[in-house]
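Enquirer: fold the following, please.
(chains A and B)
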Amino acid sequence: MVLSANDIHCSYGSSDASIKVLKGASISIKTGEVVAVMGPSGSGKSTLLHALGLLERPCKGKVLICGEDGWGLSSRRRAELRNRKIGFVFQFHHLLEEFTLKENVMMPCLIAGETSEEATQKAESLLERVGIIHRSSHFPSTVSGGERQRAAIARAIIMKPEIVLADEPTGNLDSKTSLEVEKLIMELAEEGNRSFLLATHSHDLAGAVHRKVFLNSGIIKKS
Amino acid sequence: MKQKLLWALARRHVWSNANSTVVRMVSILSMAGIAIGVTSLIILQAFMGGFTEAITTGLTKMNPPLHIYVPGGTYMDDFDLGVVQSIADEIPQISVIQGILEKPAVVSGAPGTVSGAMVRGVTGTELIIGKDIARELGVTAGDEIRIASTAGVEISGMGRVLVDTIATLIIDSVGDFGIEEYNSSLIVVPLNTARGIFRAPDQLTSLGGYVNTGEDPVEAAELLNSALYQEYVGGGWPVYMSCIPYLSFHGNLFKALGLERIAMTIVLALITVVALLNLSSALTMIAMEHRRDIGVMRAMGLTPNAVFSVSLLRGLLLGGTGAGFGFIFSWISIFVVNRYFPIKLDGTVYWIDVLPGVFPLTTALIVTFATIFVCVVISIFPAISALSSSPSKALRYE
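Expert: Predicted coordinates:
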């Protein structure tokens, strides 16, 4: 298993007015598997992804990434695990505005301590792959939404992570661009035998994945 | 590479031009505030220090650092000089003791000119006249001046009578003594010439002592004074001669200047404190502006320590650039003022004609590095705040 989460509980707010978002969610993802998490707004899809991606510590439960207990590690080791094993794609791309698309894509390599030359080479090759090499020196604010999301996807996979967590990757795109991004995600998953966990509302995207699960009332139900 | 990345992140954050010019403007204003604070502090030290130094130099240039005198104003003579010389020989800090005869006289130069002057006789000198009195008398090096004195006393059948002496002398050089008071009234002549003018063949008004290079005149004066005291008290005599450092004659002036300098330094340091507070809010604003970016970076694997470092580097970058500019601006300002816009003073009031700015390198470096250090310290709060915020929270609420 690339990712395995068991009995994840998450809540927000103080103990008096706490909102329980996840009430024992469990999920497992195999290598190369593309899974879609579906559910209504506010059902906790983003919270689940953040907990699985080691960004939000769950109140209870265990997250294993390639067999390692993510939340049992030191913060430094956890950061390293995020850098090397997990890729993130956000709904609003979340590219760093002060950096060009190429620099954004290079960022995980630079964080990992790779040289600028190595990172540049990898970033250019990925930008070529996702079809935006001509925009490599552009800043995010000067390119289209689809191009930004492609750059965000390239950034998520540059470290060849075991799993990519994508939070509504097409949620902010028009239908044509959504289809292109969906196609790209499926191609990349196949090319790298890479696992994807996609939180989405899109039935088109959900229709293309290997497996769908539903998040309702804080619990994951199989399709 | 990682350090390079952290610097790049900090630099882009403070110079952000991607989606908002506000951050860049805030950064520029914060740096300008720091630069102005540092510049004003250094310039203050340069001119206050320059003023004190010019006066000190002027006073010490024309007066030996040790002043040996007889309290009460009684004249001394060559015997006293010999006594002091023999005592000073035992004090390694002191190099030379010389006799001084200084009295007022009337001087004339070019036809129709006349002026009051202070004639000072010392050994081993030529005739030097202050530049302002030389101008007043219309004379220069090689010209003749006549010095008239009424100090001579003769006994005649009429009893004790004052006798005029008029000496005609050739000026060897016109001197800039550094202080307006000396330039406008002092004429330095050989001791024997002065004794001739004042008809006082053995007389001295005071003694002057010089110290070896690097020695402290205050310490040397204390040693000599103590030795003189022992000499007289040990021999059963009342204390006759005393020694003080020459600058202590003007001790109150230097104390007043020192107090003024402290007060102005405090006022200008407060301006720098205001600039630092402004920087603190700018850093907080920049941290808030980039909260989401830090969340994204953490998602990509940036460690909490690295996040902390980026926040500190922002402070270092803004503070370092501001303080660095302040250091450079102050140097340029002092140079330009000295060279092109000298600050004129009324020499009769301030002793010197031009206020000199002396770049205080050590003080400037201390001010600059202290400011940078404080900038880094005040960036700790936003750094801790960035650390305590979970990446998920930063991403979710943006």
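Enquirer: just want the residue of chain A that's nearest chain B.
Expert: residue A:83 (2.4 Å; C-beta to the nearest C-beta). Placement of C-beta: from N, CA and C, glycine included.
Enquirer: which residues touch that residue?
Expert: Neighbouring residues of residue A:83 by C-beta atoms under 8 Å, 6 or more residues apart in numbering or on different chains: A:108, A:111-112, A:159, B:300-301.
Enquirer: closest to residue B:11 out of the residues you listed?
Expert: Residue B:11 lies nearest to residue A:111 out of the contacts of residue A:83, by C-beta to C-beta, at 16.5 Å.
Enquirer: nearest spatial neighbour of that closest one, skipping sequence neighbours?
Expert: Distances taken as C-beta to C-beta, 6 or more residues apart in numbering or on different chains put residue B:301 closest to residue A:111, at 4.9 Å, once the chain neighbours are dropped.
Enquirer: how many other residues sit next to residue B:305?
Expert: 13 (other C-beta atoms under 10 Å in any protein chain shown).
Enquirer: residues of chain B that sit close to chain A?
Expert: Contact residues, chain B versus chain A (C-beta under 8 Å from any C-beta of the partner chain): B:1-2, B:4-5, B:12-13, B:15-19, B:292-293, B:295-306, B:390-392, B:395-396, B:398.
Enquirer: ok, 6 Å please
Expert: B:1-2, B:5, B:12, B:16, B:18-19, B:293, B:296, B:299-304, B:391-392 (C-beta under 6 Å from any C-beta of the partner chain).
Enquirer: chain neighbours aside, what residue packs nearest to residue B:56?
Expert: residue B:247 (6.6 Å).
Enquirer: quick one: classify that neighbour as helix, strand or coil.
Expert: helix (DSSP: H, G, I helix; E, B strand; the rest coil).
Enquirer: neighbours around it, how many?
Expert: Other residues close to residue B:247 by other C-beta under 10 Å number 19.
Enquirer: list the residues that contact the residue nearest to residue A:111.
Expert: Residue B:301 makes contacts with A:79, A:82-83, A:111, as judged by C-beta atoms under 6 Å, 6 or more residues apart in numbering or on different chains.
Enquirer: now, those residues that are in helices?
Expert: A:79, A:82-83, A:111 (DSSP state H).
Enquirer: looking at those residues, which is nearest residue A:214?
Expert: Nearest member of the ones in helices among the contacts of residue B:301 to residue A:214, counting by C-beta to C-beta, is residue A:82, at 26.4 Å.
Enquirer: flag every residue of chain A that's near chain B.
Expert: Going by C-beta under 6 Å from any C-beta, the residues of chain A near chain B are A:50, A:55-56, A:75-76, A:79, A:82-83, A:88, A:94, A:96-98, A:107-108, A:110-111, A:113, A:139, A:141.
Enquirer: now these: which count as buried?
Expert: A:50, A:55-56, A:79, A:82-83, A:88, A:94, A:96-98, A:107-108, A:110-111, A:139 (16 or more other C-beta atoms under 10 Å in any protein chain shown).
Enquirer: show me which pair in these is furthest apart.
Expert: Checking those with C-beta to C-beta, the most distant pair is A:56 and A:139, at 29.3 Å.
Enquirer: and the helices in chain B, which stretches?
Expert: B:2-14, B:21-62, B:78-88, B:131-137, B:180-183, B:191-197, B:217-234, B:251-289, B:291-299, B:304-339, B:347-350, B:361-378, B:380-388, B:391-396.
Enquirer: name the stretch among the ones you listed that sits most buried.
Expert: helix B:291-299 (a mean of 24; mean count of other C-beta atoms under 10 Å in any protein chain shown).
Enquirer: need the residues that contact that helix.
Expert: Residues contacting helix B:291-299 (C-beta under 6 Å, 6+ apart): A:55, A:88, A:94, A:96, B:307, B:386, B:391, B:394-395, B:398.
Enquirer: let me have those in CSV, extended by distance to residue B:354 and pLDDT.
Expert: Formatted as CSV, the contacts of helix B:291-299 follow (distance: C-beta to C-beta, whole Å; pLDDT from 0 to 100):
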residue, distance to residue B:354, pLDDT
A:55, 66, 89
A:88, 67, 91
A:94, 62, 87
A:96, 55, 90
B:307, 54, 90
B:386, 52, 77
B:391, 62, 80
B:394, 59, 76
B:395, 63, 78
B:398, 60, 54
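Enquirer: which one of those residues is nearest to residue A:205?
Expert: Nearest member of the contacts of helix B:291-299 to residue A:205, counting by C-beta to C-beta, is residue A:88, at 16.9 Å.
Enquirer: now the residue minimising distance to the centre of chain A, what are its backbone angles?
Expert: Centroid-nearest residue in chain A: residue A:165, 2.3 Å away (criterion: C-alpha atoms, centre = their mean). Phi and psi for residue A:165, reported as degrees, to the nearest 10, are phi -100, psi 120.
Enquirer: for residue B:391, which residues are in contact?
Expert: Applying C-beta under 6 Å, 6+ apart, the residues near residue B:391 are A:55, B:295, B:298-299.
Enquirer: need the contact list for the nearest residue to residue B:369 once chain neighbours are set aside.
Expert: Once flanking residues are discounted, residue B:369 sits nearest to residue B:323: 7.7 Å by C-beta to C-beta, 6+ apart. Contacts for residue B:323 (C-beta under 6 Å, 6+ apart) come out as B:34, B:38, B:368, B:371-372.
Enquirer: kindly recompute the last result at 10 Å.
Expert: B:31, B:34-35, B:37-39, B:272, B:275, B:367-375 (C-beta atoms under 10 Å, 6 or more residues apart in numbering or on different chains).
Enquirer: ok, the buried ones among the residues of chain A next to chain B vs residue B:252, which is closest?
Expert: residue A:98 (59.0 Å).
Enquirer: could you check how far that closest one is from residue B:24?
Expert: 10 Å (C-beta to C-beta, to the nearest Å).
Enquirer: low-confidence regions, chain A specifically.
Expert: Scanning chain A with the threshold set as pLDDT under 70 gives A:15, A:223.
Enquirer: mind naming the longest helix for it?
Expert: What stands out as the longest helix in chain A, according to DSSP H, is helix A:175-191.
Enquirer: right, and the helix or strand after that helix?
Expert: The helix or strand immediately downstream of helix A:175-191 is strand A:195-199, counting by DSSP states H and E.
Enquirer: what sits against residue 125?
Expert: All of this is about chain A. A:105, A:133, A:154, A:158.
Enquirer: hmm, no, I was thinking of chain B.
Expert: Contacts of residue B:125 by C-beta under 10 Å, 6+ apart are B:98, B:172, B:188-191, B:193.
Enquirer: which of the residues you listed lies closest to chain A?
Expert: For these, the nearest to chain A is residue B:188 (69.6 Å; C-beta to the nearest C-beta).
Enquirer: and for the closest one, the neighbour number?
Expert: 23.
Enquirer: specify the beta-bridge partners of the closest residue to it other than its chain neighbours.
Expert: Take residue B:188 and drop its neighbours on the chain: the residue closest to it by C-beta to C-beta, 6+ apart is residue B:128, 4.5 Å away. Per DSSP bridges, the residues bridged to residue B:128 are residue B:173, residue B:188.
Enquirer: residues contacting residue B:128?
Expert: Going by C-beta under 10 Å, 6+ apart, the list of residues near residue B:128 reads B:62, B:120, B:134, B:141, B:171-177, B:186-189.
Enquirer: highest neighbour count among those?
Expert: Going by other C-beta under 10 Å, residue B:187 tops these with 27 neighbours.
Enquirer: isn't that one right up against residue B:126?
Expert: No - in this structure residue B:187 lies outside contact range of residue B:126 using C-beta atoms under 10 Å: 11.3 Å.
Enquirer: common neighbours of the two, please.
Expert: Common neighbours of residue B:187 and residue B:126 (C-beta under 10 Å, 6+ apart) are residue B:171.
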